[in-house]
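Peer 1: Below are the sequence and a predicted model for it; my questions follow.
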Amino acid sequence: MFKLITNANVFAPEALGIKQVLVCAGKIAYLGDHLPQLDDALEVEVTDLDGARLVPGLIDAHTHLTGGGGEAGQSTRVPPLALSQITKAGVTSVIGLLGTDDLTRTPQNLLSQVMGLREEGLSAWCYTGGYHVPVITLTGSVRSDIVNLEPVIGVGEVAISDHRSSQPTLDEIMRLAGEAHVAGLMTGKAGIVHFHLGDGERGLSMIRDCLEVSEIPPRVFNPTHVNRNKALFEEACELSGHGCNVDLTAFSADSIDQGWSAEEALVRYLDQGCDGSKLTISSDGGGCAPSFDSQGELLKMGFASCSAMAQSLKNLLDSGVPEDKVLPCMTSNVATLLRLRQKGRIAQGLDADLVVLDQHNQVEAVMARGAWHVKNSVQLLTGLFEE
């Protein structure tokens, strides 16, 4: 079936004004000012947006698809994410990863979850490895995983400046980055190392040292959770000036004690004159958000959801930040970093991953690969095992 979306106020993510969009076979077949002329014999589903905003599907580059947690005992292991948990947040592309538990959660589990979500209509990829070094892989090495396994696009989340890490050395980190970079060159994939940052005093010093003593390009080093404390955030702002992409986690304002919410961090980042194209936002969906004391004892435990993406988007737009400043951090910037060339933008020939925002800046409809998953705020498609 052809799907014709009319009178859409398109942000691609830049503002294009009112456009007509034709979708066919999962792609944007036409984007323009005039209604396309279609044969009467064709079956066409028409959706009139009447001026509502149409934006690219969000890309969540940090999701614990197999579930995270387990840091307060096995009963705190988070279940795997279901399809609707992702799409109802406006997310149409996900990157899965392993965290603290890269022992009972395995790359095999993660890869299977990615393929299952693909079968359900989502676009999904994953990283190899997890918190700890030496990293766990499927084929024996990071480079081999990225080169030989199509869904694997990089390595992560490798933990640094955190008491839960394996305390990797500079040489180990550079070797990982070199493996990822060369694999990226061989395949055209992202070829990055996605770093988990904890609250340790060393902060981003290891990444700065890598940039100083190695020839590995800055884009390979991709730290996340950089808004978890204010000192780390300032380091990240400075690091972006050296060519690294830095990732904010969509922490809510009431869930973070020492840092900034994603909304506060984005505004501060831009106000400092930092390069907006080097900033991304992800949810940590399915992961845990624990707080520890100085002895590494758990104080409290929270859990993250992909819905934080939609909430951060709404909060930023509600506060008056323009769409063309907010959307790239969740769409085109992510696609550029991860070399997802069919994603992150609305343009003819690209994948039909689209989100409709209502007048209250909430997700009203979601199309992934040309199929409506959410429409008129109703979840149309769910995973096989969802009630």
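Peer 2: Alright, I've got the coordinates.

Peer 1: Residue ranges of each domain in this structure, please.
Peer 2: Listed by automatic domain parsing, the domain ranges of the chain are 2-55+345-379, 57-338.

Peer 1: from the chain's centre, how far out does the longest one sit?
Peer 2: Think domain 57-338. 7 Å (Cα atoms, centre = their mean, to the nearest Å).

Peer 1: what's the answer for the first one, then?
Peer 2: Mean-position distance between domain 2-55+345-379 and its chain equals 22 Å (Cα atoms, centre = their mean).

Peer 1: Return the most buried member of the domains of the chain.
Peer 2: Most buried of the domains of the chain, by mean neighbour count (mean count of other Cβ atoms under 10 Å): domain 57-338, with a mean of 21. Placement of C-beta: from N, CA and C, glycine included.

Peer 1: mean confidence for that one?
Peer 2: For domain 57-338, mean pLDDT rounds to 93.

Peer 1: How far does it stretch from one end to the other?
Peer 2: End-to-end distance for domain 57-338: 15 Å, by Cα to Cα, to the nearest Å.

Peer 1: Other residues contacting whichever helix or strand N7 is part of?
Peer 2: Element membership for N7 (DSSP states H and E) is strand 2-11. With contact meaning Cβ atoms under 8 Å, 6 or more residues apart in numbering, strand 2-11 is reached by 16-24, 29, 31, 35-36, 38, 42-56, 323-324, 327, 346, 352, 354, 356, 367, 370, 372.

Peer 1: Listing partners with orientation, what would you give for it?
Peer 2: Paired neighbours of strand 2-11 in the sheet (DSSP bridges): strand 15-24 (antiparallel), strand 44-48 (parallel), strand 53-56 (parallel).

Peer 1: Can you give the distance of the shortest one from its chain's centre?
Peer 2: Taking Cα atoms, centre = their mean, one finds strand 53-56 lying 17 Å from the centre of the chain it belongs to.

Peer 1: which residues sit in contact with R369?
Peer 2: 26, 92, 121-123, 351-353.

Peer 1: meant to ask about A365
Peer 2: A365 neighbours (Cβ under 8 Å, 6+ apart): 47, 354-356, 372, 374-377.

Peer 1: hmm, 10 Å instead?
Peer 2: 5, 47, 49, 52, 54, 90, 354-358, 372-378, 380 (Cβ atoms under 10 Å, 6 or more residues apart in numbering).

Peer 1: tell me the SS of it?
Peer 2: strand (DSSP: H, G, I helix; E, B strand; the rest coil).

Peer 1: one step back: between the domains of the chain, which gets nearest to E387?
Peer 2: The closest of the domains of the chain to E387 is domain 57-338. By Cβ to Cβ, the value is 9.7 Å.

Peer 1: The stretch 101-250 of the chain: helices as residue ranges?
Peer 2: Along the stretch 101-250 of the chain, counting by DSSP state H, counting those that start in this stretch, helices occupy 107-119, 142-148, 170-187, 205-213, 230-240.

Peer 1: was I right about L357 contacting L317?
Peer 2: Yes: using Cβ atoms under 10 Å, L357 is in contact with L317, at 7.8 Å.

Peer 1: Against A8, how distant is I18?
Peer 2: Taking Cβ to Cβ, to the nearest Å as the measure, I18 falls 7 Å from A8.
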